[in-house]
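**Q** 3D, please:
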Amino acid sequence: GGEAEGSEGGGGMTLNKVQMLLLHCEKAFGAGKEGAPPTQDEIQEVSSLVSTITACDMIGDKTPLSDSYIHYTDVYDGPHYTICLFQVPKGARLPMHNHPNMHVLSKVLFGRLSVDAYDAADDADAGERGPDEPPFEVTVSCEEAPWTAESGAHYTGPRQGNIHQFCAVTDCLVLDILAPPYDFANGRRCTYYQVERRGDGRVFASAVRCPSDYVTRGVEYTGLPRELPSA
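**A** Here you go, the predicted structure:
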């Protein structure tokens with residue numbers, strides 16, 4: 001069944017899990033924060049809810065698409081945070097990229113990902129970089145980590161697994177929350193990387209142009225209602 005467990009919002013309204021997610025994100029990341037970063041408690045509240053969300057909540061009873069493209073769906077697109085879905089076919093990848101000064105929560109809704117994640121060893125290297133800049137050393141957050149629906153929500157912070165790559169071991173559906181969103185004008189440009197381990201065991205990252213084989217197609221949202229009931 002496509003019914004989601006509901007919770008009561010303000011005024012005693014019963015909200016579905018997607019509506020509850022929007023409320024939790026608004027509290028943690030929205031305009032009311034006036035630019036202040038989310039607290040650990042706020043991140044944990046959103047993370048706990050994300051861990052309960054299923055593929056059915058997000059795509060309903062729609063049969064997952066089965067071509068060779070990565071499909072992208074906007075669930076919510078706002079100035080303070082975005083919620084989106086990536087459907088990644090087996091063998092495809094979201095190439096190594098970063099989330100400058102952003103907080104990200106991710107959950108595999110079905111399938112299995114293999115995840116590599118790194119962080120700049122020096123804070124000075126954690127921001128935007130161009131393809132012509134020299135490599136910089138990174139520390140390993142995880143390599144070939146298996147993410148599945150049973151793994152729950154995964155947190156990526158400004159200095160916690162911020163440079164990462166997702167490879168689809170099987171067909172996958174992934175929920176992502178980005179707060180704040182990418183914003184070229186405000187220094188939050190997505191940079192792509194290649195990572196190499198040198199003979200001494202140290203690991204370095206170099207900024208590269210977006211891989212030519214990374215192509216996404218937009219698909220419409222078909223999950224639970226997103227609109228919050230009026231008070």
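
**Q** Tell me which other helices or strands the longest strand along the chain touches.
**A** Of all the segments of type strand in the chain, defined by DSSP state E, the longest one is strand 136-148. Packing contacts for strand 136-148, counted by 3 or more C-beta pairs under 8 Å, 6 or more residues apart in numbering; DSSP states H and E, involve strand 103-110, strand 112-120, strand 163-168, strand 203-208. Glycine gets a C-beta too; all of them are placed from N, C-alpha and C.

**Q** If you count neighbours, what's buried in it?
**A** For strand 136-148, burial by neighbour count (16 or more other C-beta atoms under 10 Å) applies to 136, 138, 141, 147-148.

**Q** Could you work out the most separated pair of those?
**A** Phe136 and Thr148 (31.6 Å; C-beta to C-beta).

**Q** still on that earlier bit, listing partners with orientation, what would you give for the longest strand of the chain?
**A** According to DSSP bridges, strand 136-148 forms sheet pairs with strand 112-120 (antiparallel), strand 203-208 (antiparallel).

**Q** Pick the most deeply packed of these.
**A** Comparing these by mean neighbour count (mean count of other C-beta atoms under 10 Å), strand 112-120 comes out on top with a mean of 21.

**Q** Now do that one and strand 163-168, the angle between them.
**A** 170 degrees (axes from the mean of the first three to the mean of the last three C-alpha atoms, to 10 degrees).

**Q** what residue lies at the spatial centre of this protein?
**A** Nearest residue to the geometric centre of the chain (C-alpha atoms, centre = their mean): Asp176, 3.1 Å.

**Q** Is that residue bridged to anything, and to what?
**A** Cys84, Ser106.

**Q** List the residue ranges of this protein that fall below the pLDDT cut-off.
**A** Per-residue confidence for the chain (pLDDT under 70) gives these ranges: 1-12, 231.

**Q** following the longest helix seen in the chain, which helix or strand shows up next?
**A** Secondary structure of the chain per DSSP state H: the longest helix is helix 17-29. Downstream of helix 17-29, the next assigned helix or strand under DSSP states H and E is helix 40-50.

**Q** what comes up buried for that next one?
**A** Buried positions in helix 40-50, judged by neighbour count with 16+ other C-beta under 10 Å: 42-43, 45-47, 49-50.

**Q** any chance of those in JSON lines, with distance to Thr63 too?
**A** Compiled in JSON lines, the buried residues of helix 40-50 are given as follows (distance: C-beta to C-beta, whole Å):
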{"residue": "Glu42", "distance to Thr63": "36"}
{"residue": "Ile43", "distance to Thr63": "33"}
{"residue": "Glu45", "distance to Thr63": "33"}
{"residue": "Val46", "distance to Thr63": "29"}
{"residue": "Ser47", "distance to Thr63": "29"}
{"residue": "Leu49", "distance to Thr63": "26"}
{"residue": "Val50", "distance to Thr63": "24"}
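
**Q** Please look at Asn98 and Gly161 and confirm they touch.
**A** No - at 10.1 Å, Asn98 does not count as touching Gly161 under the criterion of C-beta atoms under 8 Å.
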